[in-house]
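Chemist: Dropping a prediction and its sequence here:
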Amino acid sequence: QQAGGGMTYRTNPTTGDCVSLLGFGMMRLPSVRRNDTEEIDQQQVNELVDYAIAHGVNYFDTSPAYCRGFSERATGTALARYPRQSYYIATKLSNFSPATWSREASMEMYRNSFRELRTDYIDYLLLHGIGMGSDGMKEFEARYIDNGMLDFLLAEREAGRIRNLGFSYHGDIRVFDRMLSEHDRYKWDFVQIQLNYLDWRYAKQINERNTNAEYLYGELEKRGIPAVIMEPLLGGRLSNVPNNIVARLKQREPERSIASWAFRFAGSFPGVLTVLSGMTRMEHLQDNLATYCPLDALTDEEIAQLNGEIGESLTDEELSEMFSNGKTVQDMYAASADGTATINVIFEDMGVLYGAALDEDAYINLVMPTLEDALMQAGMSDIQVEAGSMEFAGADHSTLRVTSTISEIPVYELMVCVKEGNYMGVITL
């Protein structure tokens, strides 16, 4: 559906919601420095939301874990200026830390989302990141089954406080398959998956732990479950692909940007409800609106050709090499005499594709899903990981702030990313 030649919309078969094909991801928001503290710039957030709504965007995706815990508040503040029925809020039960696995802690996180978002109902509520962790099945059960939270959320949907209930999938395919095998019981209203033209058939060749998006989408389509799409640009990497692929795409449509092919691919499948994009700057939002207002969908033949061109252009070895995490070329470490303060500096050669396409924000987005597992394996607990930015060495840089405990001792880490050419420096304090 298209509104006057503008935004393309898709209809949710369960509720009849008319959802904009472009969804606004609120994971990283513009920030401003006040009193030596990095804060969300609410004025800029409001301006972005105003522009998005004026151009037909009505789906806003947030989480208690985003923006150091302040994304929901900023999202709620921006949206509360509009009639409640004019937009859809998606948020998540982001109980990643074992400290939040109890029923009481999970319930408090859920209820706090209503307060922060200034609403008495959630349009789209997700179990966040099922399949993540060193043992995805065990963590899923601890977060949602053993504590009775999934049963509670089903009751909340029945009561109307949740309009659509779903989950976002990362990692262990056994958990994804289990969730869909129990669809008759849970009646999932939607599922969020990673889908783009590389992950469609080549995800497993890039990383053995991954699952091809063709399988994930196909399983949802069989059951008539709408798909919400994350990572349409694969962390920004599909905006700058190898020259031989650029040449083929430009030969077919010289006027189109390389990134637009990725967004068109993600939006062209009829079972896709919305495609999420994080948009911290107005130019990001405007570029994405140009693709979806309206969508010029790829035909089945074009989709097949695009997949064929990727397969013909890249060998398995080239895929693995291009999407490797780079090689550490320098690793320096120092500690204070009493051992209470440390600094670690790592420089990585990101390789040709990562070096060209991966900016600091995309690097942070790549690191976040695996960092908690690594810290837990190092013996840390009560882990909280928050993305942000700060002024460092005279310029703004992307950061990760990590709080945790080890042997009941609180630990605070600040990771600052500094990119130069094909190299990424990570300074950990």
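Modeler: Received the coordinates, thanks.
Chemist: how about the CA coordinates for the helix or strand hosting Ala52, as PDB?
Modeler: Using DSSP states H and E, Ala52 sits in helix 42-54. Taking C-alpha atoms only, helix 42-54 is exported to PDB below (Å, rounded to 0.1, in the frame of the first residue of the first chain):
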ATOM      1  CA  GLN A  42      16.200  15.400  23.000                       C
ATOM      2  CA  GLN A  43      15.700  18.400  20.600                       C
ATOM      3  CA  GLN A  44      17.500  16.600  17.800                       C
ATOM      4  CA  VAL A  45      15.500  13.400  18.600                       C
ATOM      5  CA  ASN A  46      12.300  15.400  18.400                       C
ATOM      6  CA  GLU A  47      13.300  16.900  15.100                       C
ATOM      7  CA  LEU A  48      14.100  13.500  13.600                       C
ATOM      8  CA  VAL A  49      10.800  12.000  14.800                       C
ATOM      9  CA  ASP A  50       8.900  15.000  13.500                       C
ATOM     10  CA  TYR A  51      10.400  14.600  10.100                       C
ATOM     11  CA  ALA A  52       9.900  10.900  10.100                       C
ATOM     12  CA  ILE A  53       6.200  11.100  11.000                       C
ATOM     13  CA  ALA A  54       5.600  13.900   8.500                       C
END
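Chemist: Could I get the buried residue list for that helix?
Modeler: For helix 42-54, the buried set under the neighbour-count rule, 16 or more other C-beta atoms under 10 Å, comprises 42, 44-45, 48-49, 52-53. Every C-beta, even on glycine, is put in place using the N, C-alpha and C of the backbone.
Chemist: now swap in stretch 134-148 and tell me
Modeler: The neighbour-count check on stretch 134-148 (16+ other C-beta under 10 Å) flags 136, 139-144, 147 as buried.
Chemist: quick one: contacts of the helix holding Ala52?
Modeler: 24, 29-30, 32, 60, 74-75, 77-79, 81-82, 86-87, 279, 282, 285-286, 289 (C-beta atoms under 8 Å, 6 or more residues apart in numbering).
Chemist: Helix or strand next in line after it, which one?
Modeler: strand 59-61.
Chemist: Check which helices and strands that following strand sits against.
Modeler: strand 22-25, strand 88-93 (3 or more C-beta pairs under 8 Å, 6 or more residues apart in numbering; DSSP states H and E).
Chemist: which one of these lies closest to Ala341?
Modeler: strand 88-93 (34.5 Å; C-beta to C-beta).
Chemist: Which of the contacts of helix 42-54 fall within helices?
Modeler: 74-75, 77-79, 282, 285-286, 289 (DSSP state H).
Chemist: Convert the helix or strand Lys138 falls within to CSV, retaining C-alpha atoms only.
Modeler: In this assignment (DSSP H and E), Lys138 forms part of helix 136-140. Taking Å, rounded to 0.1, in the frame of the first residue of the first chain, the C-alpha atoms of helix 136-140 are listed here in CSV:
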residue,chain,number,x,y,z
GLY,A,136,21.3,-20.1,23.9
MET,A,137,18.6,-22.6,25.0
LYS,A,138,19.5,-22.5,28.6
GLU,A,139,19.5,-18.7,28.7
PHE,A,140,16.2,-18.5,26.9
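Chemist: got the buried residues for stretch 217-233?
Modeler: 217, 219-220, 225-233.
Chemist: Using CSV, lay out those residues together with distance to Asp382, pLDDT and secondary structure.
Modeler: Formatted as CSV, these follow (distance: C-beta to C-beta, whole Å; pLDDT from 0 to 100; DSSP: H, G, I helix; E, B strand; the rest coil):
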residue, distance to Asp382, pLDDT, secondary structure
Tyr217, 36, 98, helix
Glu219, 35, 98, helix
Leu220, 35, 98, helix
Ile225, 35, 98, coil
Pro226, 35, 98, coil
Ala227, 34, 98, strand
Val228, 30, 98, strand
Ile229, 32, 97, strand
Met230, 27, 94, strand
Glu231, 28, 89, coil
Pro232, 33, 91, coil
Leu233, 33, 85, coil
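Chemist: Brilliant, that's me finished.
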